[in-house]
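> What shape does this take:
(chains A and B)
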Amino acid sequence: MSFSVTSPSPAAKWLAGILVIGYAIITILPLVWIIATGFKSPADAIAYPPKLVFEPSLEGYVNLFTTRTRVTENDFAALPPASSWYEQIVRDQGMVIAGPSRYGERYLNSIIIGFGSTALCMVLGTAAAYAFSRFRVPLKDDLLFFILSTRMMPPIAVAIPIFLMFREIGLNDTHLGMILLYTAVNLSLSVWLLKGFIDEIPVEYEEAALIDGYTRFQAFIKVVLPQAATGIASTAIFCLIFAWNEYAFAVLLTSGAAQTAPPFIPTIIGVGGKDWPAVAAGATIFLVPVMVFTILLRKHLLRGITFGAVRK
Amino acid sequence: MTDASMDKIARATPAPMARRIRGLSDRTIAWIFVAPSIFLLLAVNIFPLIWTIRLSFTDYRVNRPNREAEWVGLENYQRILSDSGIWSTMQATAHFLIWTIVLQVLIGFALAYLINMKFRGNDLWTTIIVLPMMLSPAVVGNFWTFLYQPQIGLFNYVIAFFTGADPASFSMIGDVNLAPWAIIIADTWMWTPFVMLICLAGLRSIPDSIYEAAECDRASKWRQFWTLTIPMALPFLMLAVLFRGIENFKMFDLVVQLTGGGPGNTTTLTSIDLKREAFERWRTGYSSAYAVILFVTVFGLASIYVKALTKVKER
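Below you'll find the predicted structure:
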């Protein structure tokens, strides 16, 4: 084992480890609590003291995906036996299923808008980044401040004219409108990140391809794109996470057809008060994919977060 | 940044290369590649900005589209700057900004310093700490209202467990004195990892050889920390402050879900106030002027700050 004068002593490392792990445990408590609450019955969810051990229940998830209604006692008694496990859970609450809830649609909207805007942003962003990287572009040096300045405006302030503009051209509450909007919001940072990745690819490769008779466009597609694939993927993850999490524009510009999950989840209510297990279930299905993503792709993600900030 | 600069981009492209190859010339490629992005940014970023500035001089209201908007000059600006409500909003925002930055820089730097000691398994724990900042602030903020419930909330229970207070005796989001802290705690929980990652990048950029040299000069660890680590990590710290400052000045999603601006106006940050003016009272002209004032404020402060940052870096 090599020993350097600058490396901290084993005791210091131990102490550092304990402190960091302690912080990490406190910091994931709220997230663990969201997941746990989703599997609690409403009574367990609001029990005092808060229950750490409980009998798991799928009531929250069933309530999340259905709308329920009460029927008169006579009608209730006359119903045929429940035909499925989820119907049984609703019956146990003394209600019947009236239909599916809006959650599935809202979730699908999140997927369409998230992936749609990410794809569009990557196409536009990679092309622009390539041009900025390979051709002499006068604006280059002001790019960082331009990126900063487009991000300085509170979303609400930009939302006023966008609301008017979208209403004028019929893009309010449409998937296309939200995709264009999220693409534009992500574009400046994406170009900046992607330019960094493309800068790292040696120009010699393309020059060799050009000499071999490729056109510039072919060289871009066949030589540059494959080499930039990792960089494009990690930039795409950032765009996707932003679009997935975005709330301010979504709540102001969508209300029905194109509403995403973040404005919808807080509006989930139950009978006589907030149905916390259903809210937690909705939040869990929405948040857990991002958590898994983050853990699996930690190497690229952690580098990417600081990359944009630290590069200059 | 329209035709003139596009021309510049095109002209900056080396001409001999363009002539030598077949297919589209480099100049054309540069045009085709950059134009869609610039067009989209103009349409969705720059054009609305100009429209906002125009609206800010009128008394236009979105909910009355048929009424002719009248040009009112600087009246909106005068009314905003002489409105006492705006100043209390600004105070709430400043309180939120200062405390979140102080807490996040202190905790974030401490964590980065500890993680940089490279104890075993540090990258896994770093990832776990980073999780909150990857999640949707609105969805998480909504759930924090549950954690803050006086009788049943986990937060109150934990505080009560350690201090012995009655968990039903205080309400983080219902009490005018506690609510400003409720949003600071939730924001610090969410965004400390961001500051931590930037600090970590800063600490890792300091070469070992510098510490080795200091060690040869018999500088104490304490002295090394204050004369080497801090000054070398300072540009990164300042960058983290800049990003958090801008983000929290715009803060909307987390706080609107957590407290909705209440109780009273104690947590009404500028974005929440702006949203009420624009989308609840529908005073479009007035709120446009409000937006312009906010933009000029952030832009001005950030410009001064970036100048200072550049100076620190050059030192």
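> hmm, which helix or strand of chain A has the shakiest average pLDDT?
Ranking every helix and strand in chain A by mean pLDDT, DSSP states H and E puts helix A:143-150 at the bottom, with a mean of 64.
> Let me see the mean pLDDT of the helix or strand that that helix is followed by.
Following helix A:143-150 in sequence order, the next helix or strand is helix A:155-169 (DSSP states H and E). The average pLDDT within helix A:155-169 is 87.
> go on, stretch A:297-312?
pLDDT averaged over stretch A:297-312 gives 66.
> Three-state assignment for residue A:99, please.
Using DSSP: H, G, I helix; E, B strand; the rest coil, the structure places residue A:99 in strand.
> What of residue A:76?
Classified using three-state DSSP, residue A:76 is helix.
> For the residue nearest to residue A:298 when sequence neighbours are not counted, give its distance to residue B:61.
Excluding its sequence neighbours, the residue lying closest to residue A:298 (Cβ to Cβ, 6 or more residues apart in numbering or on different chains) is residue B:127, at 4.4 Å. To be clear about C-beta, it is placed using only N, CA and C from the backbone, and glycine gets the same treatment. Residue B:127 sits 49 Å away from residue B:61, going by Cβ to Cβ, to the nearest Å.
> neighbours around the closest residue to residue B:64 other than its chain neighbours, how many?
Nearest residue to residue B:64 in three dimensions, chain neighbours excluded: residue B:282, at 7.9 Å (Cβ to Cβ, 6+ apart). For residue B:282, the neighbour count with other Cβ atoms under 10 Å in any protein chain shown is 14.
> Am I right that residue B:282 is in a helix?
No - applying three-state DSSP, one finds residue B:282 to be coil, outside a helix.
> and it, what does it touch?
By Cβ atoms under 8 Å, 6 or more residues apart in numbering or on different chains, the residues touching residue B:282 are B:61, B:62, B:63, B:64.
> And the next helix or strand past the host helix or strand of residue B:35?
Here residue B:35, judged by DSSP H and E, is contained in helix B:26-41. Following helix B:26-41 in sequence order, the next helix or strand is helix B:47-55 (DSSP H and E).
> And that next one, what does it pack against?
helix A:155-169, helix B:284-314 (3 or more Cβ pairs under 8 Å, 6 or more residues apart in numbering or on different chains; DSSP states H and E).
> Return the most buried member of those.
Comparing the helices and strands packed on helix B:47-55 by mean neighbour count (mean count of other Cβ atoms under 10 Å in any protein chain shown), helix A:155-169 ranks first with a mean of 21.
> what about that one, distance to the chain center?
Relative to its parent chain, helix A:155-169 has a centroid offset of 23 Å by Cα atoms, centre = their mean, to the nearest Å.
> got it, and stretch A:178-190?
Counting by Cα atoms, centre = their mean, stretch A:178-190 comes out at 14 Å from the chain centroid.
> repeat for stretch A:96-111
Centre to centre, stretch against its chain (Cα atoms, centre = their mean), the figure for stretch A:96-111 is 18 Å.
> buried stuff in it?
By 16 or more other Cβ atoms under 10 Å in any protein chain shown, the buried positions in stretch A:96-111 come out as A:96, A:97, A:101, A:102, A:103, A:105, A:106, A:107, A:109, A:110.
> Inside strands: which ones of the residues you listed?
A:96, A:97 (DSSP state E).
> Among the buried residues of stretch A:96-111, name the ones in helices.
When DSSP state H is applied, the buried residues of stretch A:96-111 are split such that A:103, A:105, A:106, A:107, A:109, A:110 fall in helices.
> Any regions of the stretch 1-150 of chain A where pLDDT drops low?
A:1-6, A:137-148 (pLDDT under 70).
> Dump the ones in helices among the buried residues of stretch A:96-111 into JSON lines; add distance to residue A:39 as well.
Listed next are those as JSON lines, based on distance: Cβ to Cβ, whole Å:
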{"residue": "A:103", "distance to residue A:39": "17"}
{"residue": "A:105", "distance to residue A:39": "24"}
{"residue": "A:106", "distance to residue A:39": "21"}
{"residue": "A:107", "distance to residue A:39": "19"}
{"residue": "A:109", "distance to residue A:39": "26"}
{"residue": "A:110", "distance to residue A:39": "22"}
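> Out of those residues, flag the one nearest to chain B.
residue A:110 (9.6 Å; Cβ to the nearest Cβ).
> any idea how far residue B:315 lies from chain A?
Using Cβ to the nearest Cβ, to the nearest Å, we find residue B:315 at a distance of 16 Å from chain A.
> who's in contact with that residue?
Applying Cβ under 8 Å, 6+ apart to residue B:315 gives no contacts.
> Quick check: pLDDT value at it.
Reported pLDDT for residue B:315: 71.
> ok, back up a step: between residue B:127 and residue B:61, tell me which one has more neighbours.
More crowded of residue B:127 and residue B:61, by other Cβ under 10 Å: residue B:127, with 21 against 15.
> correct me, but that one touches residue A:293?
No - using Cβ atoms under 8 Å, residue B:127 makes no contact with residue A:293, being 11.1 Å away.
> Quote the end-to-end distance of stretch A:34-52.
12 Å (Cα to Cα, to the nearest Å).
> any idea of the pLDDT on the residue of the stretch 151-300 of chain A found nearest chain B?
Per Cβ to the nearest Cβ, the residue of the stretch 151-300 of chain A with the smallest distance to chain B is residue A:215, at 2.8 Å. Looking at residue A:215, its pLDDT is 85.
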